[in-house]
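Asker: Please find the sequence and the predicted model below.
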Amino acid sequence: MDSKRRMIKKIVQQLGNRLIDAKEQANETVLHIDKKDLPEICQYLYQEQGARLFTMVGNDERQINTMFALYYVFVVDEIRHFMTIKIFVEENDPTFPSLAAHMPAFNWYEREVNDLLGLRAIGHPNRIPLIFHGDQMEAVYPLRKDYIETGMLHFENEALHFVEYTGADVTEIPVGPIHAGIIEPGHFRFGAVGDTVLHLDARLFYTHRGIEKELEGKTLEQAMFLIERICCVCNVSHAVAFAQAVETAANVTIPRRAAYIRTLYMELERLYNHVGDVGNICAGYGFAVGNSQGARMRELLLRLNEELTGHRYLRGVIALGGVRQDIRKDEIDRITNHLNELDTDFQDLADILLNHEIAVDRMETTGRLSLKQVTELEAVGVAARASGRDIDCRRDLPYAAYDQLNFAVIVQEEGDVLARIKVRILEVFNSILLIRQILQDLPEGDIVTDIPKIQPYKTSLGWTESARGENCHWLMVDQDNKIYRYRIRSAAYSNWPVVAVAVPGNIVPDFPLINKSFELCYSCCDR
Amino acid sequence: MNEEELGTDLKKRIKEVLSGSLHIRHVDTGSCNGCDFEMSTLSNPIYDISRFGVSFVPSPRQADMLMVTGGVTSNLEKALRITYEATPKPKMVLAIGACACGGGVFGETYANAGGIDPFVPVYVYVPGCPPRPQALIQGILLALDQYEEVLKRGE
Amino acid sequence: MFDMLRKIWQVGTVTEKQPFEPAPKKYRGKIELTAQKNTNWEECIAACPTGALCMNVNKIRLFYGNCIQCGNCVKICNTDALTQTTDCYQAVNAKKDLFISVDKDEEK
């Protein structure tokens, strides 16, 4: 507690008279400054205090105080506290200084704010549109409050803003958006010399459905259905992050039994994801035995999910204030028996995989990422831990029942595909141990509690660690207890820029393998 | 629909209508990837749809059937049209999931059209969020019935 | 190599010959709509997150294409007008078959 107060005091002192206003709420300090001081103060937080970027939100607050607002949320892991820098941007001067040139992690956030809100980042190195893939008739900014819904936007010529490759031997290979297998849409453009990739340009946001705009004006109960459908395989983590943001805003503590059951569902989701991903990586280099065994184990886990909750992907289990369904004694036995079988089954698969010379040869040194690249681009989750970055928000910012459970954070150093698959394999066993602890220590009590009305225009954060990495949800509620602004930053949003850095230097046939080793959801990123 | 009939029916029907094999092309026009994952579980060893003669092909030019998931987003509208036109006749289109049938939970937004109806003619609708793999097989069977009629009419 | 062959032998064939077991008891399947007097239709319609259940003049209409089978309407309904089964087979050929309409004031 003391070190926290000291650090906050030190930061506030450093700001001096540049600080216009400071507000404390939950475990977050909101510091309001003028937009011209933004680069210096963010640099200070980043470099001196070891903060990392959590999320960045652009909000149209003209109905509240006639300005646009930008919130830069940093988290300082060692004191478990959020430092939010807030700046106002005026309507008749919709610009703000860019941070992307020195801190590459801000790149996509600033481009998104430009596309959806019309606020320009001065000094951004790469200001091409991120979300919309063509020329519109006139510039529209859907996230502004005065945007009039006229149905779906149609685009004229698809503007091509890719890097041009010149040189006698360089070929340009465009792939997508509709890919050869059963996979989500995304466009990749390679510059290759022979078989070796020189450069990769990735364009995503094909499955952008406008969820954040759709959420505005909805009640909190209605919003849960939309949040669950951002992505199917991370849906429990998104639902829990949303529920946690609401509960923090309403100052509610959920019953302990509900916290344990939420953790159980989140670990079940992590299990089927990792088991399926290990199988999918084997498909990346044609290892049919690994692929089939992984797919078989995943199917059995999905059937377990269906028996427990009625939905194969665990939708409809998280409610605001707790969970919707309780767990019976016979269901606990069913889970325990299945996990015992999965333990030996998966151990066999892991042994086969890691002792197979050809498999290891394909995976070793492929798609290597250094610790420096991962830290600068603020990658999270499995991809970051496989390159030596020791972050896991289950341990660093505990939520649900994780502060009462023992688990290890798996970190590998090499940063190649083999390291990422090893992290997943060890996390499967970690999850099995966690679920056993949860089922053993499951406390009695209620499974849900009521949520009172939330104070209007108060901001709150919710976060979880999904199978891909850390998700962050930012919520602001209006005076009718409906959503005013919701910002979703999923793990895939942070990690997609890192994929483009991992590929150059490898051969083109290795690209599906590298892509599968990250296993990022396109729809989590695109919303 | 009886579960027992599903397997034998599928093999028999594919043999009758298409002389042994059915090629499916999957098109994702902006789904949350639930329906896509359910389609890929059809190829796992437990369901093993390839023993019925069904395979997922990499190009629409080789396809008899398009399985479309997702309500059409503004960035993928063109891709859906081009894929449909590239598929040789006779062709069938299946709308998989609530988003493709009627917009699902998203409906019409600035980036989502709310269903694939206005863009391509649909043979079979398979609702669900996501529909179970068994429901997908039922959808394929229904599509084959209609395909047979289309072939008889000589389109 | 040998551990791979041993694993394949141990696991054996897992393909289910004759499909597929019926959906488990907890599965949230097709919603059945019947007409019942004194049903709180307005509340059920407000509870539907996709707008699949709606009212048109004097008729209540359920559009299966948009139904995500969440079960909200069944929970809120104060009579047996809306029930949930474990039926997962709802594929149809024509879009009109996805709609079901009942008269609001009719009693079954």
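Answerer: Perfect, thanks for sending it. Numbering: from 1, shown residues only, chains lettered A, B, ... in the order given.
Asker: Averaging pLDDT per element, find the lowest-scoring helix or strand in chain B.
Answerer: Lowest on mean pLDDT, DSSP states H and E among the helices and strands of chain B sits helix B:3-18, with a mean of 68.
Asker: next SSE after that helix?
Answerer: Downstream of helix B:3-18, the next assigned helix or strand under DSSP states H and E is strand B:22-28.
Asker: and that next one, anywhere near chain A?
Answerer: Yes - counting by C-beta under 8 Å from any C-beta of the partner chain, contacts between strand B:22-28 and chain A involve B:His26, B:Val27, B:Asp28. No exception for glycine: its C-beta is placed from N, CA and C like everyone else's.
Asker: Format those as JSON lines; extra columns: neighbour count.
Answerer: Below are those laid out as JSON lines (neighbours: other C-beta atoms under 10 Å in any protein chain shown):
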{"residue": "B:His26", "neighbour count": "25"}
{"residue": "B:Val27", "neighbour count": "26"}
{"residue": "B:Asp28", "neighbour count": "31"}
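Asker: which one of those residues is nearest A:Tyr522?
Answerer: Nearest to A:Tyr522 among the residues of strand B:22-28 next to chain A, counting by C-beta to C-beta, is B:Asp28 at 8.7 Å.
Asker: per-residue pLDDT, that closest one?
Answerer: Predicted confidence (pLDDT) for B:Asp28: 92.
Asker: Tell me which residues touch it, please.
Answerer: Contacts for B:Asp28 (C-beta atoms under 8 Å, 6 or more residues apart in numbering or on different chains) come out as A:Ile178, A:Ile183, A:Glu184, A:Pro185, A:Thr207, B:Asp36, B:Val68, B:Thr69, B:Gly70, B:Leu76.
Asker: among those residues, which are in helices?
Answerer: B:Asp36 (DSSP state H).
Asker: Could you identify the longest helix within the chain?
Answerer: Chain wasn't specified; assuming chain A. Using DSSP H, we find that the single longest helix of chain A is helix A:256-284.
Asker: let's do chain C instead
Answerer: helix C:2-11.
Asker: Okay, buried residues for that helix please.
Answerer: C:Met4, C:Lys7, C:Val11 (16 or more other C-beta atoms under 10 Å in any protein chain shown).
Asker: For chain B, what's its nearest residue on chain C.
Answerer: Residue nearest to chain B within chain C: C:Gly65 (3.3 Å; C-beta to the nearest C-beta).
Asker: now that residue: how far from B:Tyr147?
Answerer: 21 Å (C-beta to C-beta, to the nearest Å).
Asker: Give the next helix or strand downstream of the longest helix of chain C.
Answerer: strand C:31-33.
Asker: That next one vs chain A: in contact?
Answerer: No - judged by C-beta under 8 Å from any C-beta, strand C:31-33 and chain A are separated, with a smallest distance of 13.8 Å.
Asker: what lines up beside that strand in the sheet?
Answerer: Looking at strand C:31-33 with DSSP bridges, its partner strands are strand C:82-84 (antiparallel).
Asker: pLDDT (mean, whole number) over the partner strand?
Answerer: 88.
Asker: Report the buried residues of that strand.
Answerer: Result for strand C:82-84 [16+ other C-beta under 10 Å]: buried residues C:Leu82, C:Gln84.
Asker: Report the next helix or strand after that strand in sequence order.
Answerer: Using DSSP H and E, the next helix or strand after strand C:82-84 towards the C-terminus is strand C:99-103.
Asker: could I have that following strand exported to CSV, CA atoms only?
Answerer: Output of strand C:99-103 as CSV, limited to C-alpha atoms (Å, rounded to 0.1, in the frame of the first residue of the first chain):
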residue,chain,number,x,y,z
PHE,C,99,-41.4,-18.0,-39.3
ILE,C,100,-44.1,-19.1,-36.9
SER,C,101,-47.1,-16.9,-36.0
VAL,C,102,-49.8,-17.2,-33.4
ASP,C,103,-52.8,-15.1,-32.6
